[in-house]
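Asks: quick check, what structure comes out for this input:
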Amino acid sequence: MIYHLIMKKFFLIFILISLFSGVIFLTKNIYYEFTAFNMCIDTGICPEGTKTKLDNEIIVITEENCKAHNRVWSPENRMCSVREFKK
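Replies: Have a look, this model is predicted:
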């Protein structure tokens with residue numbers, strides 16, 4: 001009888017820890033995507049993998065797409081400067 005109560009408590013604690021760690025993992029990933037997208041909108045410097053609109057089409061930022069749209073690619077940071085500067 002006592003064994004079953006201990007196992008139930010252990011199982012419930014295990015489930016709660018599993019759920020809590022899963023929620024933390026999911027929120028970190030969502031937060032990273034939000035900050036990357038927000039930085040892209042605010043500064044015009046987009047990290048690789050961010051979706052953005054360039055020349056009236058939605059693209060995923062990669063080195064090839066950045067150079068194909070005549071933007072500046074930073075290989076050290078793996079980022080593309082998508083903002084157009086008027087001369």
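Asks: any idea how far the residue nearest to the spatial centre of the chain is from residue 47?
Replies: What sits nearest the mean C-alpha location of the chain, by C-alpha atoms, centre = their mean, is residue 33, with 2.6 Å. To residue 47, residue 33 is 10 Å away according to C-beta to C-beta, to the nearest Å. Glycine gets a C-beta too; all of them are placed from N, C-alpha and C.
Asks: all strands for the chain, in order.
Replies: 45-47, 51-54, 57-60, 72-74, 79-81 (DSSP state E).
Asks: would you single out the least confident of those?
Replies: Per-stretch mean pLDDT for the strands of the chain is lowest at strand 51-54 (a mean of 87).
Asks: partners of that one, with directions?
Replies: Paired neighbours of strand 51-54 in the sheet (DSSP bridges): strand 57-60 (antiparallel).
Asks: and for the partner strand, what are the contacting residues?
Replies: 49-53, 65, 69 (C-beta atoms under 8 Å, 6 or more residues apart in numbering).
Asks: which of the residues in that strand are buried?
Replies: By neighbour count on 16 or more other C-beta atoms under 10 Å, the buried set for strand 57-60 is residue 59.
Asks: which other helices and strands contact the longest helix seen in the chain?
Replies: Looking across the chain with DSSP state H, the single longest helix is helix 2-43. Applying 3 or more C-beta pairs under 8 Å, 6 or more residues apart in numbering; DSSP states H and E, we find helix 2-43 packed against strand 45-47.
Asks: outside of the strand it packs on, which residues touch it?
Replies: Contacts of strand 45-47 (C-beta under 8 Å, 6+ apart): 36, 39-40, 52, 61, 74, 77-83.
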